[in-house]
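**Student:** below are the sequence and a predicted model; questions follow.
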Amino acid sequence: MSLNDNEVKQPPIANEMAGLIASKDWSTTALGDQKNWSPSLRLIVGIMTASGFPMAVRWGPDLVLIYNDGYRPILADKHPWALGLPFRVVWPEVVSELIPLQEAILAGESPGDYSEDRLLTIRRRGLDLETAHFTVSYSPVPDPSSPTGIGGVLVTAVETSERLRVEKALALKTQELSEANRRLHNKQTLYRSALAAGRMGTWETDFVAKTRLWTPEGMLLFGINLPGGQGHVGGDQDEYWSALHPDDRPLVQKFHELADEQDSFTSEYRVVWADGTTLWLRGHGQVVARTPDGKAHRLVSIVTDVTERKAAEDHAQFLMHELSHRSKNLLAVIQSISRRTARTTTTMEEFESRFGRRLQGLAASHDVLIRNSWQGAPLADLMRQQLVPFTDIQSSRVKLAGPDIVVTAEAAQAIGLAIHELSTNAIKYGALSAPAGKVKISWALDSESLGSRELVLKWVEQGGPRVVSPSRNGFGHLVIGDMIERSLNARVTLKFATQGLEWSVSMPATNLVIETQTGSD
């Protein structure tokens, strides 16, 4: 059986940058006409523009810049002028620092780079230079059409300038408040309004008297209520220790040791209220008095609620891990397609043609997944997306029948590749190669029992040329057979019936996200 592919349509425009990229005349840039872009570039641009996380790709020897909506604030006044320009033109002020790194990645000499709070001096608002900090990752983007195998550099960046500024301001504020506490101990109303507005709280610890004096704002953050704000240090009555998250309680001894060794220190920990509410607090401790032997006597502490910031950081980390996981899975699939295509081709031209079209088939499945935020793919949408390059899906020659079912992202990739190979074969040798030929694709759940439920997917051709069993099995046969069975834990039946090819696969319900019994034709 010989199997081939064809081009897929561009995904629908979903955001501003996707629209700008789609409408730009790329023939005037180093990348050339967009329709001639490599499948790898198309795929990474599609993934990037579908994400809200700040991302940019720098492609080719000139490191031509393409970026998404999240990256626009980093460019500031350079947007949208920067789209499609070489890195040296967009960021000339950091060329000497960043070009060697990116060229090493393009040459395949570097696996990439990740750095936190990286300091860069850049110009993006008028003519003035400014210093900015970024947590940034530079990753290679594989591209078989590139001489080195690397087509560009994927950049994910989060500007941390504001966070660093806030932390510095918080440290300075701690020093100011500790001095104010000494001089204005009885006039705390002067700064309580500021503390409440900033969700900040303070208290003073006396290690000699074993007492702690809380402000109302400090008690509010810790979820405690003490008469006169009078607390205890050490023992079962230590309200500070009791309010900490159990995993963070060992930090108390560490804080005491730090106070004995240095005048100030920074801390970050969780507190748990009686109702189970958990807050993240970040603060500073300042020693304002010591005993004759140099041990800490009185310590002033100030904290601020950073729960929202921690949640944002956790979400950003999740997105980074999720992107890394999906990218690795995608690369593994692409590598498998590349190896197996190479085994069934005899010339480089044939390999490039088949490999490129199979990548476009894979990209078609990813278009459906991206539209559904990678939560799964509606089976009917997946079929239509794969059939678009081959035939008019509104015609009577193709019929889709089955309930509304959503398959997992992993199942969508495997099923999409199989439908692509079957469509390629049908248009070249099967039913779609003849005017009267027809294809019916149907799916159904074969059992009402949750324990034994399976999805049965069928491809049936009629009205095409007389079917002859192939003399050898190529990559397409592997995709619709062994690959489907292994990746979906399924059973595949393939019949070369005289009236037309028949293909059927039965897969367990573990490959489904949701399913309803509503039929759709």
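**Tutor:** Here it is on my side, so go on. Numbers count the residues shown, from 1 in each chain.
**Student:** so where's the stretch 151-300 of the chain uncertain?
**Tutor:** Scanning the stretch 151-300 of the chain with the threshold set as pLDDT under 70 gives 180-198.
**Student:** if you set the cut-off to 80 instead, what comes out?
**Tutor:** Applying pLDDT under 80 to the stretch 151-300 of the chain flags residues 177-199.
**Student:** let me see the ranges of the helices in it.
**Tutor:** 161-183, 189-197, 216-222, 239-243, 251-261 (DSSP state H, counting those that start in this stretch).
**Student:** packing partners for the shortest one?
**Tutor:** Other elements packing on helix 239-243 under the criterion 3 or more CB pairs under 8 Å, 6 or more residues apart in numbering; DSSP states H and E are helix 216-222, strand 230-232. Backbone N, C-alpha and C define where each C-beta goes, glycine included.
**Student:** most neighbours per residue, which of those?
**Tutor:** Of all the helices and strands packed on helix 239-243, helix 216-222 has the most neighbours on average by mean count of other CB atoms under 10 Å, namely a mean of 20.
**Student:** which residues make contact with that helix from outside it?
**Tutor:** 192, 195-196, 199-203, 214, 225-226, 229, 239-240, 243, 271, 279, 281, 301, 303, 305 (CB atoms under 8 Å, 6 or more residues apart in numbering).
**Student:** which one is residue 124 nearest to, not counting chain neighbours?
**Tutor:** Closest residue to residue 124 apart from its sequence neighbours, by CB to CB, 6 or more residues apart in numbering: residue 76 at 4.1 Å.
**Student:** let me see the backbone angles for the one you found.
**Tutor:** Main-chain dihedrals, residue 76, degrees, to the nearest 10: phi 50, psi -120.
**Student:** tell me how many other residues crowd it.
**Tutor:** By other CB atoms under 10 Å, the residues close to residue 76 number 14.
**Student:** now it: how far from residue 134?
**Tutor:** Residue 76 is 13 Å from residue 134, where distance means CB to CB, to the nearest Å.
**Student:** got it, and residue 202?
**Tutor:** Taking CB to CB, one finds residue 202 at 33 Å from residue 134.
**Student:** comparing these two, which residue is more hemmed in?
**Tutor:** Using other CB under 10 Å, the more surrounded residue of residue 202 and residue 134 is residue 202, with 24 against 20.
**Student:** wait, what's in contact with the more buried one?
**Tutor:** Per CB under 8 Å, 6+ apart, neighbours of residue 202: 177, 181, 195, 215, 217, 218, 300, 301, 302, 303.
**Student:** make it 7 Å
**Tutor:** Residues near residue 202 by CB atoms under 7 Å, 6 or more residues apart in numbering: 177, 195, 215, 218, 300, 301, 302.
**Student:** quick one on the thing from earlier: need the helices of the stretch 151-300 of the chain in TSV (columns: distance to residue 507).
**Tutor:** Supplementary listing: the helices of the stretch 151-300 of the chain in TSV, determined by distance: least, CB to CB, whole Å:
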stretch	distance to residue 507
helix 161-183	47
helix 189-197	57
helix 216-222	52
helix 239-243	52
helix 251-261	50
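**Student:** nearest to residue 37, out of these?
**Tutor:** Closest approach to residue 37 among the helices of the stretch 151-300 of the chain is made by helix 161-183 (33.9 Å; CB to CB).
**Student:** residues in contact with the closest one?
**Tutor:** Applying CB under 7 Å, 6+ apart, the set of residues contacting helix 161-183 is 117, 132, 133, 191, 202, 204, 284, 286, 288, 300, 302, 304.
**Student:** just the buried members of the contacts of helix 216-222?
**Tutor:** Restricting the contacts of helix 216-222 to buried positions leaves 195, 199-203, 214, 229, 239-240, 243, 271, 279, 281, 301, 303, 305, with burial counted as 16 or more other CB atoms under 10 Å.
**Student:** so of these, which ones are in strands?
**Tutor:** Under the assignment DSSP state E, those contribute 200, 201, 202, 203, 214, 271, 279, 281, 301, 303, 305 to strands.
**Student:** nearest to residue 497 among the residues you listed?
**Tutor:** residue 279 (67.1 Å).
**Student:** show me the contacts for that closest one.
**Tutor:** By CB under 7 Å, 6+ apart, the neighbours of residue 279 are 221, 270, 271, 305, 307.
**Student:** tell me the bridge partners for the closest residue to residue 303 other than its chain neighbours.
**Tutor:** Distance criterion CB to CB, 6+ apart; nearest residue to residue 303, sequence neighbours excluded, is residue 283 at 3.1 Å. Here residue 283 sits in beta bridges with residue 267, residue 303, going by DSSP bridges.
**Student:** any idea how far the residue in the chain sticking out farthest from the centre is from residue 161?
**Tutor:** Here the chain reaches farthest from its C-alpha mean at residue 292, the gap being 55.6 Å by CA atoms, centre = their mean. Note on residue 292: its distance to residue 161, by CB to CB, is 44 Å.
**Student:** again with residue 454
**Tutor:** The gap separating residue 454 from residue 161 is 54 Å, by CB to CB.
**Student:** the two: who's more crowded?
**Tutor:** Taking other CB under 10 Å, residue 454 and residue 161 do not tie; residue 454 has more neighbours (18 against 15).
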